[in-house]
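*Asks:* Show me how the following folds:
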Amino acid sequence: MFSLIPREESFFDLLEASAKNVIDTARLLRDMVEDYRNLPERFQKIRDSEHAGDRITHQIMDKLNRTFITPIDREDIHSLAFALDDIVDSIELIADRFLLYKIEKPTGMTISLVRILVRCCEEIHSAMGLLRTPKRIKEILDHTIEINRLENEGDQLSRAALERLFDQPGDTPAAVLDVIKWKELYDVLEEAIDFTEDVADRLHGVVIKNA
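*Replies:* Below is the predicted model:
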């Protein structure tokens, strides 16, 4: 429908900036686990990205409060902004746990889960760029389907990692502590991947409303 009131297109710029920050943060985590050195410096970069994500989210909320006509439903912009922020927060939590628990070396399972997380974030970034183009909005569904597939892959890998962890647990205090630490790490990694599926679900809803 034609409207004399222009839509505020800068919401798309901000959502795309947030999605870009998501993928940049995920890649910082991947770099950290693949090249496990200089952890404090690497963690600080991830924390800086988390702060950058917060600033973008605040910009979106501020603009929502001052804008009458939005390009898509305002509740969708609101939920997408916070769902993207949840991913970055969870990535910071993962990096923090590596430092807090003084993990000596990431397991192969950990690295694989982080790589799946990065691929999910790449799909989100690609999908978010399609949101502003009505003729291409249905293409977002290809990305949401891929995120769902990757999330399932992450679930299976996380379960396999936990099975291996509890397969032959030691009975010394140090061995028990190791199990506790690694279980939480696998849990927060799986949660981060789940957050990417939350974004996919919200994008799917936007497509259904606007296609």
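
*Asks:* Which phi and psi values does Leu130 adopt?
*Replies:* Reported as degrees, to the nearest 10, the phi and psi values for Leu130 are phi -90, psi -10.

*Asks:* swap in Thr70?
*Replies:* Thr70 has phi and psi values of phi -110, psi 150 when expressed as degrees, to the nearest 10.

*Asks:* wait, it sits on Glu9?
*Replies:* No - Thr70 lies out of contact with Glu9 (Cβ atoms under 8 Å); the separation is 9.9 Å. From N, CA and C alone the C-beta is placed, and that goes for glycine too.

*Asks:* more neighbours, the two?
*Replies:* For Thr70 versus Glu9, the count of surrounding residues by other Cβ atoms under 10 Å is larger for Thr70: 17 against 10.

*Asks:* Report the contact partners of that one.
*Replies:* When contacts are counted by Cβ atoms under 8 Å, 6 or more residues apart in numbering, Thr70 touches 7-8, 11, 64, 77.

*Asks:* now swap in Asp54 and tell me
*Replies:* Asp85.

*Asks:* can you give me how far the helix or strand that contains it is from the chain middle?
*Replies:* Secondary structure from DSSP states H and E places Asp54 in helix 39-66. Offset of helix 39-66 from its chain centre (Cα atoms, centre = their mean, to the nearest Å): 13 Å.

*Asks:* what packs against whichever helix or strand comes after that helix?
*Replies:* Later in the chain than helix 39-66, the nearest helix or strand by DSSP H and E is helix 74-100. The helices and strands touching helix 74-100, judged by 3 or more Cβ pairs under 8 Å, 6 or more residues apart in numbering; DSSP states H and E, are helix 10-34, helix 39-66, helix 108-128, helix 173-210.

*Asks:* Let's see that with 6 Å instead.
*Replies:* Taking 3 or more Cβ pairs under 6 Å, 6 or more residues apart in numbering; DSSP states H and E as the contact definition, the neighbouring helices and strands of helix 74-100 are helix 10-34, helix 39-66, helix 173-210.

*Asks:* mind listing what's buried in it?
*Replies:* Of the residues in helix 74-100, those with enough neighbours to count as buried (16 or more other Cβ atoms under 10 Å) are 76-95, 97-98.

*Asks:* and if you look at stretch 50-63?
*Replies:* Taking 16+ other Cβ under 10 Å as the basis for neighbour counts, the residues of stretch 50-63 that come out buried are 50, 52-53, 56-57, 59-60, 63.
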